[in-house]
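Undergrad: Sequence first, then the predicted structure:
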Amino acid sequence: MNRYSVFSVARNAMNYNKDWERAWRSPNPKAEYDAVIIGAGGHGLATAYYLAKEHKMTNIAVIEKGWLGGGNTGRNTTIIRSNYLQEPSIAIYELSRSLYEGLSQELNYNMMFSPRGLMMLCQTEHELRALKRTWHANRHAGLDCRMISPKEVKEICPIINDDPNARYPILGAYYQPRGGTGRHDAVAWGYARGADAMGVDIIQNCAVTGIRREGGKVVGVETERGYIKTKRVGVVAAGHTSVVMQMAGVNMPIESVCLQALVSEPIKPVIDCVVMANTVHGYMSQSDKGELVIGGGADSYNNYSQRGSFPALEHTVTALVETFPIISRLRMLRLWGGIVDMTGDRSPILSGTDVEGLYVNCGWGTGGFKAIPGSGFVFADTIANGRPHPIAEPFSLNRFAEGRLIDESVAAAVAH
Amino acid sequence: MSGKPYRLSDAGRLIDRSKRVSFTFDGKTVSGFAGDTVASAVMASGQRVMGRSFKYHRPRGVVGLGSEEMNALIGVGKAERHEPNLLATKVEIFDGLSAVSQNRWPSLNHDIGAINNVLGRFFSAGFYYKTFMWPQAFWKHVYEPFIRQAAGLGKAPTGRDPDVYEQVHVHCDVLIAGAGAAGLAAAEAAAASGLRVIIADENPRLGGLCDIGGGLIDGASPLEWAKTRAAALAAADNVQVLTRTTVAGHFEDNYVLMFERVGDHDPSITAAGTPRHRLWKVRAGQIIIAAGAIERPIAFANNDRPGVMLASAARGLAARYGTAAGVNGVVFTNNDDAYRTALMLKSMGVGVARIIDSRTNPESALIDQAKAAGLDISFGSSIAGVMTSKGGKQIDGIKMSPYNRGRVTNETKVDCDFVAVSGGWNPAVHLWCHNGGKIKFDHELQTYRPDRSPDGLLIAGAANGTFDVPGALAEGYAAGEQAVALLKGKAGKIAKASATQEAQAKLEPIWFAPATGAYNEGDKHFIDQQNDVVASGLELAQREGYESVEHTKRYTTLGMATDQGKTSNILGLGVVAEATGKTIPEIGTTTFRPPYTTVSFGSIAGAHVRDRFLPVRRTAIHDWHVANGADFEPVGQWRRPYCYPKAGEDRHKAVTREILAVRNKVGLLDASTLGKIEIKGPDAGEFLDRMYTNTFSTLKEGRCRYGLMANEMGFLMDDGVTVRVGPEHFIMHTTSGGADRIAGWLEEWLQTEWPDLKVFVTPVTEQWAQFAVAGPNARKVLEKLSGDIDFSAEAFPFMTMKTGTLAGMSVRAYRISFSGELSYEIGVPANQGRALWDAILEAGAAFGIEVYGTEALHVLRAEKGFIIIGDETDNTVTAIDVGLEGLVSKKKRDFIGKRSMEQSFLKMDGRKQLVGLLTEDPNYVLPDGAHALEDATGKPPQKTLGHVTSTYMSPSIGRSIAMALIFNGRARMGETLSFSLDGKVVKAKVVEPVFYDKEGARQNV
Amino acid sequence: MLVVTCPVCGVHGDETDFHCGGQAHVARPASTRPENVTDAEQRDYLFIRHNPKGLHFERWRCDRGCGKWFHAARDTVSLEFKAFYGVTELPPVELMKQATGTWAEFFKDKIKAGKAS
Amino acid sequence: MSDPVFRSALAHRNDRNSVPGLSIGLTEISDRGMIDLRGAASDKKFAGAVKDVLGVALCTKPRSSASAGDITVLWLSIDQWLITCPRSAASDLHGRLVKALDGIHSLAVDVSDMRAIFRLEGDNARVVLNKGTSVDFTDGTLGAGSVRRLRYAEIAAAVHVISDAPCVMDMYLFRSYADYAWSYLSKTAAKASEVKLFGVQVGIGV
């Protein structure tokens, strides 16, 4: 792998950039692997990367139905934060956020992690109390977060509507200075390049058609390009988790729904942080390219089409026009949808199953991008050692039978 | 350059030379004619450069004729009315219009950012993924801020938008997107049936390319036919014609968004209060897409220089606005259509130095006409480079060379000052694809055209790849008739026009014209001009493994500019195909997402702004609260008085006064927001037993009982007092926030799970204004009012209910208490609510009555240890957790949540349990949500023992109090817990969560 | 945006006038035998869902109309509604037969009891 | 005190009977009494008892209404109706209904104060409604007598078409939303934003 640096960029420029190597190979599947990851999104690629790097499992494959990073990894609003309420959530999201801090350097691929600061507005007395509770939980966990006053909100985000007579006036905000955004495609591409360099086979355009079991154990996966023997399978298929897991006879506590997002045309910088307005169900940030990146709530019905319902976005835009009045004369450039995997308690699943050798990483719902590094890290550890990583343990499947739900709804009611 | 004749004397059908219009471009006054666009007027003034590109900041001029434009982006209007990134080719001028160019500093002519161009080769595709990584902190603090400033296009407005927007839902039988020849024909056929037809076009006028597309209809110019059609449609009473209206998006079940620019072209319209934009939400029976086609360029070296434009644009500018692209042009083409440009320009007196045709020896009528007109034509040739001066701002000529896919051999210089280029046309299939329509590659046209559509869209004319007038007309009529047939309408008789057009020679694909020097090492070939995506960048992406078309697009940003790839997508695919030796279908195509062109956020918000953003629910007393200085807080959709500060009082003082009034005298609370639901039927008691954790079937008539409701997970979701008013009749109270939800919840269970239960449920929340009269003097106040209700302790005991008259009004009186004081809740029909409220205040004056708000209410109940759903609970808390196991029936076989409460995690020991907390320092109020710690002296991460749910300074007992959910809390009674707050350790004792009148004597007098 | 038809009152309108209540035909074990519901059964009732890619059966409410709940069969890929039927009814037989995956298993022994639409 | 001060949902708005510059007539109607009735239309005893009291049979056709004298029955659901009558007659009518329905499974509630009623009049009224609802009021299917429950702007409402020509419609909505709905209606009904649908148009050219 040739190393990326300002020097390599200059050197290659001299030769009209004709000597760059492939970022990843396009290998044919082998007959057998030590482990197969199903799904080459961010979570799957990160899992493969850490399996190879941390656990020296390099004879593994990541099998992808389409193009790598083409699912929710390439369709989200790239928000990165860890200021969750429940302890298990704080642990996984903060591990993830801290890994993001050095990820560009570790992967030698600039994924543009931008800790520009993220604020959750408090627009009712109740929301203010709830977020104060989250703040205390977070600071005791060691997170760098604080409550900020309406005045400070306005200083950090001058375009916000601070009219005290607004429908939902701003009473303050909960602020994570090192929350922010990243370049979503680059996360997938960086992990893919890193995993590939360690020998991981990333096989694109190859759908898994079956998962073969013998005596309660996984023995291999059927694919469009033939049967692949393996004793360990990690399913990381987001919105398609239910479909893939049913190939192994496992029914999941998952519903797949459409979550939409949109961007404006590019404008010069107007907002240099991420603002989430949970009471009115909308949030907004601005990409490096200048587009306002806007997201809101998910549709209510199951949907595998990546085409959402316009009214969902309409409510989000309406809320944001009221929150940031200057955007009224700006324009929607492009809207799109992704299929998100929602669990009963809106928290993820990182777990083994009743089928020996079968592991599943899913349920990230509307907030998976921020979790990619941590999710991959603990899931790789779980697969490699055949037991849950301590941070993964609370997210096991059996929590649904025990009633041990991890409910974040009190902290945030909006998709992000 | 000015002074040269760029405004042709006898051309320009859309401009009115009798009406001069003057506006400013970058502060400089420009004079044009009514009917001009900013582009046509500025170009007529002799200026070519209209903007700077995104990455290299290269000077750019107008390329297109309409919404395919990607370079001439301008900002229009001032201050809070400024609107960035508009297309100069679409903005209609009016007196006083202020337009500015974008993405340049300090000026369009001298742009510092142009340094990027010199460094161009270093800024290869995706270069930023490969660098800017060291040192780690530099990305956020150095590189990114620079990139952000350099990126972006126009500037945002400065303040709140003063203009009005609105939306309208409309249903029609047939919607036609596009009013060119095909669209007009379709509309005529569809309208003849009498069905409701909408035809919309993004332009200010109908007709599409009828004026410059060639061909004849009924022996005359298609424009004449279009005129009569337009008039007929405008006169029909079953047709809605919409101009300046873009059919922007197509969604499920023929739901369509149309974006109408009502007032942008004339400020007097918005000045009158008319909406600036209107968003049409259309539900159409049948949709006919007649959106036309977009001409595509050819990639040659320096093909982005100002003056290189699409052949249709050069032709259109001249024909419509009399604006000449230059004095002497070169036409570069691989098809016949561009010959129309050459011929038309020549006929208008614009010099055409040469037609450069990449085809070897095509033969057709148009080519013969060109020869006959004396135009020089070089076949089998292409452009190898563009020669410029003035820093690339002016074209001096082009280098022509024989066209071959290899290196450029001998070159000939051709002098010219503009280039009109055509690589063929791409059908506008965007709408077709928005909802899953499929497209297929057409080797004849060398582009994608519609294939299958999941929802039976109809498509006609150029949008369908049918570029000739007779074909477009025929498809239009057919689509109109088919739409009527599909709707089972009755076809009407129309006299169809007949069209003719000369046969055309085949198009031969050319994507990439080699440049001077080593292949791809010379000047840049631009594919996506706005994003500065060049051919070599696309090839680099392939080399590096970004082979999936989506990877290529994302890695190079091809097609991701504000034009969304209208001119660049197919060209890019062609270049990649050539570079990889694959066919275009093998490369694939990216998906088309709504909207077709940008839609203002203002129009999406419509009228839902300011006081119409989200409803504020008002009780019958709301305006009294306003008049009496209430300090409001949002509660659900309501706005409730938090407190009523008197002169000189802050919130805290006011709340304290209100609390003490209730404890010592009497207080009045507007509790109208509480949910009220009438429940009646033979099975009503059984039904309530299933909905509540405790039992109601045993409740006696006239008696009240406090009930707890859990969800199926076993967690508390609502609470309130329910009274039995008859053998089969109950009235349930819910929380204010829960009123609608619980009414729906009851209906859902009755309809879906227990349809056998004979119970009717009717929510009546807003029928009643309801007030709490609470405090030692409560009885005296009510007794002072005339009426037939005996409020005495004996006649009206605690937790009972009576109906009767009070102050001349029929009321429902409940003796219940959420404050722990002697307390009655009086319900009266809402329209009399204010009258009763006034009467109570009048009667209460003698007893020191004061109104109190939600905060006093919260403190009063906290002093008594009463929970509030949402404060003491958060979707993870059971009735047992909050110490109310007494309200969880052991006898009932089943109730909502019962089974889940038996799951291991819910019944395990040591769960968080509700306790009271008393701080060591009675004057210290624990902060909201504070967490008790196992070791408050240590450093994070610290193990927490639970959190504070409610915390106040209690005026009644003169010290701070708090309620908290603490792990294994009830076993910790008497223990001291530690908090780490503001760097200090704060200690608090665990106590029973009842702080005032523990035995409950006060409410029982 | 979907167009929904209420089989109870026959109203035909935008999805915004309706409410989707999630998967249909979820049996609540506690309604029939509250004494012996296993944790696994309770989990399946509360959380496990068919979530098919294709033909699905769900609950909707005529939220802004007659207020009644009903059932709908809908394809989760094409988003097309295949049938609307009563809230206490099984789907039309032909749709039970078209069901795939875990839905097919669910309907296996119910087809004979069903009616054609 | 006998006759207490009556304050309608819009009592606080001085424009409640005349908003300037509208393209329609818009007024609040506050003299109507309302009774919410639940019961099984198929239950002959129920239907009979109700008819005896009202003098008109309950309408069972969805989205329809029926009236006798000054009593009008609006269909709300297959087992729910809204009975309107002069406000002064409401409590007596309610009393007689309850009496007549004694022993019959049903629920009749006097909800005279629960809803506000706005009257929309004029040719443009239907288009104005369509600025807030996706239900088509312009295709002629909702003729005189029709009752349509719907989502209007952000809230639940019902529209009763009183007559077609001249166009007169009553909008029923919950009392606490009256101020919001009034604001939305009067904004979108402004003359300046009048939309003419499917009519003869001017200024269309090529």
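TA: Good, I have the coordinates. Numbers count the residues shown, from 1 in each chain, chains lettered A, B, ... in the order given.

Undergrad: Counting neighbours, what do you get for residue B:145?
TA: 15 (other Cβ atoms under 10 Å in any protein chain shown). For the C-beta atoms, the positions are set from N, CA and C on the backbone; glycine is no exception.

Undergrad: can I get the CA coordinates of stretch A:88-98 in PDB?
TA: The C-alpha trace of stretch A:88-98 is given here as PDB (Å, rounded to 0.1, in the frame of the first residue of the first chain):
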ATOM      1  CA  PRO A  88     -23.900   1.200  28.200                       C
ATOM      2  CA  SER A  89     -24.600   3.700  25.500                       C
ATOM      3  CA  ILE A  90     -22.100   6.200  26.800                       C
ATOM      4  CA  ALA A  91     -19.500   3.500  26.900                       C
ATOM      5  CA  ILE A  92     -19.800   2.300  23.300                       C
ATOM      6  CA  TYR A  93     -20.400   5.800  21.700                       C
ATOM      7  CA  GLU A  94     -17.600   7.400  23.600                       C
ATOM      8  CA  LEU A  95     -15.200   4.600  22.700                       C
ATOM      9  CA  SER A  96     -16.300   5.200  19.100                       C
ATOM     10  CA  ARG A  97     -15.900   9.000  19.300                       C
ATOM     11  CA  SER A  98     -12.400   8.700  20.800                       C
END
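
Undergrad: does chain B sit close to that stretch?
TA: No. Using Cβ under 8 Å from any Cβ of the partner chain, stretch A:88-98 never reaches chain B; the gap is at least 9.0 Å.

Undergrad: How about stretch A:159-169?
TA: Yes. For stretch A:159-169 and chain B, the contact criterion (Cβ under 8 Å from any Cβ) is met by A:159, A:161, A:167-169.

Undergrad: now do the same end-to-end measure for that stretch.
TA: One end of stretch A:159-169 sits 14 Å from the other (Cα to Cα, to the nearest Å).

Undergrad: neighbouring contacts of it?
TA: Outside stretch A:159-169, the residues within contact range by Cβ atoms under 8 Å, 6 or more residues apart in numbering or on different chains are A:123-124, A:150, A:153-154, A:170, A:270-271, A:275, A:277, A:279-280, A:322-327, B:156, B:160, B:611, B:613-614, B:616, B:634.

Undergrad: Please list which of the residues you listed are also close to chain D.
TA: B:611, B:614, B:616.

Undergrad: hmm, which of those residues are the buried ones?
TA: Buried residues within those, defined by neighbour count using 16 or more other Cβ atoms under 10 Å in any protein chain shown: B:614, B:616.

Undergrad: residues touching residue A:210, list them.
TA: A:221-222, A:247.

Undergrad: among the residues of stretch A:159-169 next to chain B, who's most crowded?
TA: Highest neighbour count within the residues of stretch A:159-169 next to chain B: residue A:167, with 23 neighbours (other Cβ under 10 Å).

Undergrad: before we move on, what SS does residue B:269 have?
TA: When classified by DSSP: H, G, I helix; E, B strand; the rest coil, residue B:269 comes out as helix.

Undergrad: residues near it, how many?
TA: Based on other Cβ under 10 Å, the number of other residues close to residue B:269 is 15.

Undergrad: what residues are up against it?
TA: Here residue B:269 is in contact with B:262-263, B:276 (Cβ under 8 Å, 6+ apart).

Undergrad: Please work out how many residues are found near the residue of the stretch 351-500 of chain B found nearest chain D.
TA: Using Cβ to the nearest Cβ, residue B:487 is the residue of the stretch 351-500 of chain B that sits closest to chain D, at 12.8 Å. For residue B:487, the tally of surrounding residues (other Cβ under 10 Å) stands at 15.

Undergrad: Touching, it and residue B:175? I think so.
TA: No. Assessed by Cβ atoms under 8 Å, residue B:487 is found out of contact with residue B:175, at 11.8 Å.

Undergrad: Quickly list what's touching both of those two.
TA: With Cβ under 8 Å, 6+ apart, residue B:487 and residue B:175 have common neighbours residue B:286.

Undergrad: who's in contact with stretch C:96-104?
TA: A:246, A:251, C:50, C:52, C:54-57, C:90-91, C:106-107, C:110-111, C:114.

Undergrad: what does chain C have sitting close to chain B?
TA: Residues of chain C lying near chain B (Cβ under 8 Å from any Cβ): C:1-3, C:14, C:21, C:28-31, C:34-35, C:37, C:39, C:42, C:46, C:59, C:61, C:67-69, C:78-79, C:87-88.

Undergrad: if you look at those residues, which of them are in strands?
TA: C:3, C:14, C:21, C:59, C:61, C:69 (DSSP state E).

Undergrad: will you turn those residues into JSON lines that also has neighbour count and distance to residue A:365?
TA: Output for those, formatted as JSON lines (neighbours: other Cβ atoms under 10 Å in any protein chain shown; distance: Cβ to Cβ, whole Å):
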{"residue": "C:3", "neighbour count": "17", "distance to residue A:365": "27"}
{"residue": "C:14", "neighbour count": "23", "distance to residue A:365": "26"}
{"residue": "C:21", "neighbour count": "19", "distance to residue A:365": "19"}
{"residue": "C:59", "neighbour count": "20", "distance to residue A:365": "21"}
{"residue": "C:61", "neighbour count": "24", "distance to residue A:365": "24"}
{"residue": "C:69", "neighbour count": "23", "distance to residue A:365": "26"}
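
Undergrad: Would you reformat those residues as JSON lines and include distance to chain A and pLDDT?
TA: Below are those laid out as JSON lines (distance: Cβ to the nearest Cβ, whole Å; pLDDT from 0 to 100):
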{"residue": "C:3", "distance to chain A": "11", "pLDDT": "97"}
{"residue": "C:14", "distance to chain A": "8", "pLDDT": "96"}
{"residue": "C:21", "distance to chain A": "8", "pLDDT": "97"}
{"residue": "C:59", "distance to chain A": "10", "pLDDT": "98"}
{"residue": "C:61", "distance to chain A": "11", "pLDDT": "98"}
{"residue": "C:69", "distance to chain A": "14", "pLDDT": "98"}
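
Undergrad: So which of these is the closest to chain D?
TA: For those, the nearest to chain D is residue C:14 (4.2 Å; Cβ to the nearest Cβ).

Undergrad: excluding its backbone neighbours, what's nearest the closest one?
TA: residue D:134 (4.2 Å; Cβ to Cβ, 6 or more residues apart in numbering or on different chains).

Undergrad: That neighbour against residue C:12, yeah?
TA: No. Applying Cβ under 8 Å, one finds residue D:134 not in contact with residue C:12, separated by 11.1 Å.

Undergrad: more crowded one of the two?
TA: Between residue D:134 and residue C:12, counted using other Cβ under 10 Å, the more crowded position is residue D:134 (23 against 12).
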